[in-house]
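Trainee: Any chance you can model this:
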Amino acid sequence: MAIPMATDIAFSLGVLSLLGKRVPLTLKIFLTAFAVVDDIGGILVIALFYSSEVYYSYLLVAALLYILLYYLGKIGVTQKIYYLCIGVVIWYLFMQSGIHSTISGVILAFLMPARPRMDVGKYIGQIRRIINKFPVTVSDDIILTNRQIALLKQAGRASDYVISPLQSLEDNLHGIVNFVILPLFAFVNAGVVLGGGSELIGGVSIAVALGLLIGKFIGIFSFTWLAIKSKLATMPQGMNWKNIAGVSLLGGIGFTVSLFIANLSFGAGHPELLNEAKLGIIVGSLLSGLLGYIVLHAVLSRKHTKG
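Mentor: As a prediction, this is how the structure comes out:
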């Protein structure tokens with residue numbers, strides 16, 4: 001059952017932020033990294049096991065568009081409009097192909113340029129040159145000269161070049177995703193239906209809650225322990241086994257993605273199992289968040305920590 005698989009990045013980082021500056025930067029990076037991997041794994045499960053009959057002609061066209069985006073990035077095209085427009089077409093093609101369309105966005109993110117066209121040092125130098133050339137008038141006129149407009153447009157283009165398309169798009173979507181899409185999704189999908197003779201507590205609800213609370217903790221902590229003990233990775237600065245245990249508990253917050261997978265699993269024809277799954281998700285996520293906060297509050301240093 002894939003419902004407890006994913007970690008909700010927004011809610012888990014939200015709980016971590018309650019501890020303020022006591023949280024080391026490395027701990028935030030660790031939580032974000034395994035949450036992203038969890039989500040990618042969950043999306044792959046959706047693509048492989050929750051897709052209908054596959055129509056390969058649509059996937060072939062989508063693959064050609066991905067190749068086009070790859071070469072656009074290689075030749076230095078950083079205008080987001082190309083990636084967004086082609087990305088919408090690819091999303092439609094995936095939806096028509098029978099493969100769940102969420103996988104299209106994951107692949108698109110890998111193909112968007114993560115490097116800016118201009119580094120920060122060159123950008124600062126160019127902005128300084130533009131400022132030195134900018135003709136300043138002593139009058140109070142609100143109408144700019146053609147020379148002033150041209151220099152301001154040049155500065156605007158330079159500002160666009162110093163931010164990579166991937167980071168710029170993430171920054172633009174951050175607000176609407178966290179404050180509109182996620183709350184709206186949770187409001188629509190998180191409701192547990194009471195009454196109707198159906199049992200709320202059953203095998204599915206218990207399995208989902210335990211999977212989030214205990215299964216995720218054991219998986220994250222044990223694989224981290226194996227990676228460090230086998231020398232595949234080193235313990236990051238500012239982290240120890242106690243705060244890794246706390247953040248592993250936060251990995252059990254699987255709210256939004258878990259609800260999404262639950263709807264795919266039981267939404268068609270099994271309302272009573274969907275009800276149980278939702279209750280398990282809510283209980284498991286709440287307990288994971290609460291216990292993770294309690295553990296981290298107890299083990300993190302109370303001294304000021306940069307991050």
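Trainee: which stretches of the stretch 51-200 of the chain have low pLDDT?
Mentor: Scanning the stretch 51-200 of the chain for pLDDT under 70 picks out the ranges 52, 136-142, 186-199.
Trainee: Helices along the stretch 51-200 of the chain, start to end?
Mentor: 56-74, 80-97, 102-111, 120-133, 146-161, 165-176, 182-189 (DSSP state H, counting those that start in this stretch).
Trainee: The fourth one packs against which elements?
Mentor: Put plainly, it is helix 120-133. helix 146-161 (3 or more C-beta pairs under 8 Å, 6 or more residues apart in numbering; DSSP states H and E). C-beta coordinates here come from the backbone N, C-alpha and C atoms, glycine included.
Trainee: buried ones in the helix it packs on?
Mentor: L151, A155, A158, D160, Y161 (16 or more other C-beta atoms under 10 Å).
Trainee: Kindly list the main-chain dihedrals of the residue lying closest to the fourth one once chain neighbours are set aside?
Mentor: The reference is to D160. Distances taken as C-beta to C-beta, 6 or more residues apart in numbering place T78 nearest to D160, at 7.4 Å, with adjacent residues excluded. Dihedral pair for T78: phi -120, psi 0, per degrees, to the nearest 10.
Trainee: Verify the stated contact: T78 with P116.
Mentor: Yes. Using C-beta atoms under 8 Å, T78 is in contact with P116, at 7.3 Å.
Trainee: overlap in contacts of these two?
Mentor: Y161, S164 (C-beta atoms under 8 Å, 6 or more residues apart in numbering).
Trainee: Please report how far the closest residue in space to S51 that isn't next to it in sequence lies from I181.
Mentor: Closest residue in space to S51, ignoring its immediate chain neighbours: I99 at 4.8 Å, by C-beta to C-beta, 6+ apart. Separation of I99 from I181 (C-beta to C-beta, to the nearest Å): 22 Å.
Trainee: Can you get me a residue count around the residue nearest to Y83 when sequence neighbours are not counted?
Mentor: Spatially, and ignoring its direct neighbours in sequence, Y83 is nearest to M112 (5.4 Å; C-beta to C-beta, 6+ apart). For M112, the count of nearby residues is 21 (other C-beta atoms under 10 Å).
Trainee: dump the residue contacts of M112.
Mentor: Shown in contact with M112 (C-beta under 8 Å, 6+ apart): L69, G73, Y83, P165, L166, L169.
Trainee: For the closest residue to R117 other than its chain neighbours, list the residues it contacts.
Mentor: Distances taken as C-beta to C-beta, 6+ apart put Y161 closest to R117, at 4.2 Å, once the chain neighbours are dropped. Residues in contact with Y161 (C-beta under 8 Å, 6+ apart) are T78, P116, R117, M118, Y123.
Trainee: Mind putting these into JSON lines with neighbour count?
Mentor: As requested, the contacts of Y161 are exported to JSON lines (neighbours: other C-beta atoms under 10 Å):
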{"residue": "T78", "neighbour count": "21"}
{"residue": "P116", "neighbour count": "19"}
{"residue": "R117", "neighbour count": "18"}
{"residue": "M118", "neighbour count": "17"}
{"residue": "Y123", "neighbour count": "18"}
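Trainee: Determine which two of those residues are furthest apart.
Mentor: Spatially, the most separated pair among the contacts of Y161 is T78 and Y123, at 13.5 Å (C-beta to C-beta).
Trainee: Could you pull out the buried residues of stretch 99-114?
Mentor: Burial within stretch 99-114, assessed by neighbour count using 16+ other C-beta under 10 Å, is assigned to I99, H100, S101, T102, I103, S104, I107, L108, L111, M112, P113.
Trainee: show me what contacts the first one?
Mentor: Read that as I99. So I99 contacts A47, S51, V54, L59 (C-beta under 8 Å, 6+ apart).
Trainee: So the third one sits against H100, correct?
Mentor: No. V54 is beyond contact range of H100, at 10.9 Å (criterion: C-beta under 8 Å).
Trainee: Between these two, which contacts overlap?
Mentor: Contacts common to V54 and H100, judged by C-beta under 8 Å, 6+ apart, are absent.
Trainee: any idea how far Y293 is from the residue nearest to D160?
Mentor: In terms of C-beta to C-beta, T78 sits 40 Å off from Y293.
Trainee: hey, which helix is longest across this structure?
Mentor: The helix that spans the most residues within the chain, counting by DSSP state H, is helix 271-299.
Trainee: Now it: buried residues?
Mentor: Buried, per 16+ other C-beta under 10 Å, within helix 271-299: 272-289, 291-293, 295-296.
Trainee: what does stretch 160-172 give?
Mentor: D160, Y161, V162, I163, S164, P165, L166, S168, L169.
Trainee: what number of residues lie near L212?
Mentor: By other C-beta under 10 Å, neighbour count at L212 equals 31.
Trainee: Now do the contacts for it.
Mentor: Counted by C-beta under 8 Å, 6+ apart, L212 has contacts P4, G252, I253, G254, S258, G280, I281, G284, S285, L287, S288.
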